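> build me a structure from this.
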Amino acid sequence: MHHAGDCRAAKDAARNDNTCQPCEIGLYFWLFILLLTAAVFGHDADTTRTAIQPKPLGPPVVDSTRITPAAVAEAPAEAIVDIKGVLSEEEMRFYRSDFFPLSLLNRGRQAVSAYQGMPPGFLDPVFGGRRLRNPLSGFWNEQWLPYYLTGEQTLAPDNAAAVFSPLVPVTNKPVTRVVFSQDYIINLSFLDISFYKRLNASDYIQLSGGNFLGDGSESFDYSAFKLNTYRGQWHKRLGTRWQMDGYYWQMRQAFNLAPEGFLAAPTPANSTPRDKFKQIGHLAWITFQGKLSARDSLVLVPGYTTVLDRYSEGLNDRRDNRDHIIDGRLTYLRRFGRTHGGMEAQGSYFRNRDKGDRFWPTRSEWDGEASLLIQREEGSFTYHLRGGGYYHSAGGAAPLLGVSLEKQFAGGELALNAFSRPQPVPLLWRSIVADSLPADPDDQPILRQGVSARLGVRLGERFHLALNPFYFQVPDYPWLADGQTGWTRRDVKNAGLRVSGEWRFWRFQLQNDFTYNRRYQDAFAPQFNNITLLKAALPLFNNALKLETVLAWHWLGKYRTIRLNRLLNYYFAEDTFQDPLQIGDVRIQAQFRDATLFFIWENITSTDYSIVKDSWENLLIFRLGIDWVLFN
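Sure thing, here's the model as predicted:
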């Protein structure tokens with residue numbers, strides 16, 4: 001788990017340079033205790049909403065396929081304290097027990113997560129109606145997900161998707177949101193600026209840009225990173241029945257990793273070249289949706305993506321791929337009373353070229369799927385049924401199934417979900433041409449399968465509880481561990497129980513999110529994953545100022561050592577296990593009008609830990625910044 005002993009010396013040196021001397025640490029501690037205890041005697045917190053739809057934050061209590069009126073009462077958006085100063089979606093997934101971030105740490109590197117112990121890519125993110133996936137690696141880099149442009153996130157277990165709903169402005173005034181965060185220990189700097197403007201009563205535009213960079217907690221520039229993002233959206237009403245959303249995203253990311261197996265602390269005399277990664281993505285798509293008649297509706301989503309993916313091992317260029325993806329989705333529904341029936345078809349054309357012609361020959365592929373849909377979204381009983389097939393030009397055919405049932409009752413809800421959804425084997429794995437690293441010979445699509453249930457109960461207005469038993473699997477998952485001369489197949493399975501709850505009392509809010517993974521030996525998951533959040537709010541000066549505190553404690557059970565094959569961008573689990581791990585964070589937030597100042601202590605115990613081998617976290621990080629909504 002720990003970095004070599006020399007990391008302790010680096011940590012001590014960083015602490016010597018840090019301004020957090022013992023007296024100041026004591027001051028911060030007593031300030032935190034004061035805010036926590038004084039919150040009991042404060043005035044009621046201001047519940048006025050901002051002019052932009054609120055962002056659900058914290059570990060969600062609700063994970064249903066659809067957000068219903070009954071479920072909204074449990075949603076984190078209704079919390080007395082919203083977490084501020086979030087850097088990315090990766091950070092928030094650390095606060096969810098159903099996700100195990102396979103993090104390279106240091107905050108700005110490539111980010112993927114394992115959902116309920118399944119391999120990366122088990123859930124596809126969907127934003128603005130478009131499913132995001134990179135056929136080259138088999139997953140979407142979660143560092144590229146637009147956290148501050150998302151209004152709501154829900155899981156669709158019947159469709160193997162995490163659905164991100166874009167923010168919608170609810171004021172006629174132009175709105176600018178500025179989020180800035182800075183840390184001087186690892187030279188971390190984060191800036192995100194988003195702008196919304198209504199063109200008329202129905203049309204609006206959204207523009208955003210971000211800059212995220214830092215040196216990381218490792219010596220020299222072994223953990224340096226930089227991420228720039230540029231995004232735009234144009235929403236336009238087309239007549240009385242149709243609307244269009246046009247999107248363009250550009251992401252430019254570069255980050256370093258220490259050489260694999262490198263444990264000695266580098267000095268100017270023995271420094272070793274770092275491994276360098278560079279990824280650039282361009283996405284453009286249009287979502288058309290509307291009504292063909294009073295009973296018929298249609299959604300059409302054409303899109304185009306290009307990705308540059310480059311990897312250098314020390315001074316040697318190893319991967320330099322250019323991907324081009326053209327995809328589209330068509331969904332047609334017809335209303336029959338309270339029930340809708342219809343069909344959905346989607347497909348993509350993919351072309352990859354290795355610029356240096358090193359290991360991957362130029363290759364083109366296509367895939368497609370079609371399914372029949374039956375769904376009902378009205379009343380206390382709702383359901384979504386999906387059945388069809390999938391075909392890949394290299395891998396062949398596979399079935400596509402999905403079932404989601406949900407029943408609302410007084411004081412709660414019950415949901416059941418089951419699905420089987422294929423995906424192609426990532427192209428990096430099965431098309432490599434190298435003497436020392438054979439290609440995966442099996443092109444048969446990977447099957448993502450699962451069954452889950454959810455029982456949500458509300459006991460009054462202050463206590464909520466949700467139980468979520470599950471069983472997920474990926475049979476015959478491609479496996480290539482260190483030392484193997486060829487690919488094998490292994491079943492990745494996991495069964496367990498997630499229990500999440502919330503209790504509000506006085507000016508406090510206690511949230512706990514716990515998952516037990518019974519098959520953690522066969523999965524990408526810890527034996528248990530528990531996150532506890534204690535929040536408090538202290539309104540002052542007739543709600544003109546609100547002081548807030550958030551204490552987070554994250555407890556991970558033992559888990560298998562995770563490895564990353566850097567050439568193939570392939571995550572796998574070794575047969576060794578890491579010891580249990582505990583990490584704590586503290587946040588203090590001061591909110592006045594439409595601005596919030598925040599002070600964040602991450603890893604308050606200064607624990608040395610690693611999730612993916614050969615990448616570490618070593619230091620206590622102190623970040624400060626502001627989240628400011630401006631009305632022009």
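
> contact partners for residue 90?
101, 103, 107, 111, 113, 142, 143 (CB atoms under 8 Å, 6 or more residues apart in numbering). For every residue, glycine as well, the C-beta is placed using N, CA and C.

> shouldn't it be within a helix?
Yes: in this structure, residue 90 lies within a helix as judged by DSSP: H, G, I helix; E, B strand; the rest coil.

> leaving out sequence neighbours, find the closest residue to the spatially most central residue of the chain.
Centrality entry for the chain: nearest residue to the mean C-alpha point is residue 89, 4.2 Å, by CA atoms, centre = their mean. Closest residue to residue 89 apart from its sequence neighbours, by CB to CB, 6 or more residues apart in numbering: residue 145 at 4.3 Å.

> wouldn't the one you found be in contact with residue 86 here?
No: with contact defined as CB atoms under 8 Å, residue 145 and residue 86 do not form a contacting pair (11.7 Å).

> which residues are in contact with stretch 435-448?
Defining contact as CB under 8 Å, 6+ apart, one finds that stretch 435-448 is touched by 118, 122, 138, 160, 359, 390, 392, 394-396, 398, 419-425, 429-433, 472, 474-478, 480, 485-487, 489, 567-568.

> any low-confidence regions in the stretch 501-632 of the chain?
Along the stretch 501-632 of the chain, segments meeting pLDDT under 70 span 632.

> how about the strands in it?
Secondary structure of the stretch 501-632 of the chain by DSSP state E, counting those that start in this stretch: the strands cover 508-517, 528-540, 545-556, 559-565, 570-578, 581-592, 595-602, 621-631.

> could those go into CSV alongside mean neighbour count and distance to residue 171?
What follows is the strands of the stretch 501-632 of the chain, written out as CSV (neighbours: other CB atoms under 10 Å; distance: least, CB to CB, whole Å):
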stretch, mean neighbour count, distance to residue 171
strand 508-517, 21, 28
strand 528-540, 21, 24
strand 545-556, 20, 21
strand 559-565, 19, 45
strand 570-578, 17, 43
strand 581-592, 18, 19
strand 595-602, 19, 17
strand 621-631, 18, 7
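
> would you turn those into JSON lines with distance to residue 95?
As requested, those are exported to JSON lines (distance: least, CB to CB, whole Å):
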{"stretch": "strand 508-517", "distance to residue 95": "7"}
{"stretch": "strand 528-540", "distance to residue 95": "5"}
{"stretch": "strand 545-556", "distance to residue 95": "7"}
{"stretch": "strand 559-565", "distance to residue 95": "17"}
{"stretch": "strand 570-578", "distance to residue 95": "20"}
{"stretch": "strand 581-592", "distance to residue 95": "9"}
{"stretch": "strand 595-602", "distance to residue 95": "12"}
{"stretch": "strand 621-631", "distance to residue 95": "16"}
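
> do you know which of those strands lies nearest residue 614?
Residue 614 lies closest to strand 559-565 among the strands of the stretch 501-632 of the chain, at 7.8 Å (CB to CB).

> and the closest one, what other elements does it pack with?
Counting contacts by 3 or more CB pairs under 8 Å, 6 or more residues apart in numbering; DSSP states H and E, strand 559-565 packs against strand 570-578.

> the strand it packs on to strand 559-565, inter-axis angle?
150 degrees (axes from the mean of the first three to the mean of the last three CA atoms, to 10 degrees).

> what's in contact with strand 570-578?
Strand 570-578 is touched from outside by 1, 102, 112, 119-120, 426, 428-429, 479-482, 523-524, 558-565, 610, 612-613, with contacts defined as CB under 8 Å, 6+ apart.

> could you do stretch 544-556 as well?
Stretch 544-556 is contacted from outside by 32, 35-36, 39, 45-46, 81, 83, 94-95, 526, 528-540, 580-593, using CB under 8 Å, 6+ apart.

> just stretch 409-421 next, same as before
With contacts defined as CB under 8 Å, 6+ apart, stretch 409-421 is touched by 64-65, 68, 70-71, 157-160, 380, 386, 390, 399-407, 447-459.

> with just CA atoms, put that stretch into CSV.
This file holds the C-alpha atoms of stretch 409-421, laid out as CSV (Å, rounded to 0.1, in the frame of the first residue of the first chain):
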residue,chain,number,x,y,z
PHE,A,409,-46.6,3.2,-2.0
ALA,A,410,-47.3,5.3,1.0
GLY,A,411,-44.0,6.1,2.6
GLY,A,412,-41.7,4.5,0.0
GLU,A,413,-41.1,2.7,-3.2
LEU,A,414,-40.0,-0.7,-4.6
ALA,A,415,-38.0,-1.2,-7.8
LEU,A,416,-36.8,-4.3,-9.6
ASN,A,417,-34.3,-4.2,-12.5
ALA,A,418,-32.6,-6.8,-14.8
PHE,A,419,-30.6,-6.4,-18.0
SER,A,420,-28.2,-8.0,-20.4
ARG,A,421,-26.3,-5.6,-22.6
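
> roughly how far is that stretch from the heart of the chain?
23 Å (CA atoms, centre = their mean, to the nearest Å).

> tell me the buried residues in that stretch?
Neighbour counts over stretch 409-421 (16 or more other CB atoms under 10 Å) mark 412, 413, 415, 416, 417, 418, 419, 420, 421 as buried.

> give the residue spans of the protein that score low on pLDDT.
For the chain, the stretches flagged by pLDDT under 70 are 1-79, 262-271, 632.

> what comes up buried for the lengthiest strand in it?
Ranked by residue count, the top strand of the chain under DSSP state E comes out as strand 316-336. By neighbour count on 16+ other CB under 10 Å, the buried set for strand 316-336 is 318-323, 325, 327-333.

> cool, stretch 401-411 as well?
For stretch 401-411, the neighbour count (16+ other CB under 10 Å) marks 401, 402, 403, 404, 405, 406, 408 as buried.

> mind putting the residues you listed into CSV with secondary structure and distance to residue 574?
Formatted as CSV, those follow (DSSP: H, G, I helix; E, B strand; the rest coil; distance: CB to CB, whole Å):
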residue, secondary structure, distance to residue 574
401, strand, 33
402, strand, 33
403, strand, 35
404, strand, 36
405, strand, 39
406, strand, 39
408, strand, 45
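
> what is the nearest of the residues you listed to residue 247?
In terms of CB to CB, no member of these lies closer to residue 247 than residue 402, at 25.5 Å.

> who touches residue 614 in this structure?
Going by CB under 8 Å, 6+ apart, residue 614 touches 257, 258, 259, 260, 261, 262, 564.

> and the helices in the chain?
Secondary structure of the chain (DSSP state H): helices at 6-17, 22-38, 69-72, 89-93, 427-430.

> ok, now how distant is the closest residue to residue 479 other than its chain neighbours from residue 308?
Excluding the flanking residues, the one nearest residue 479 by CB to CB, 6+ apart is residue 490, at 4.3 Å. Distance from residue 490 to residue 308, counting by CB to CB, to the nearest Å: 32 Å.

> repeat that for residue 113.
Plainly put, residue 113 is 23 Å away from residue 308 if you go by CB to CB.

> and these two? Which one has more around it.
Comparing residue 113 with residue 308 by neighbour count (other CB atoms under 10 Å), the higher total belongs to residue 113, at 23 against 15.
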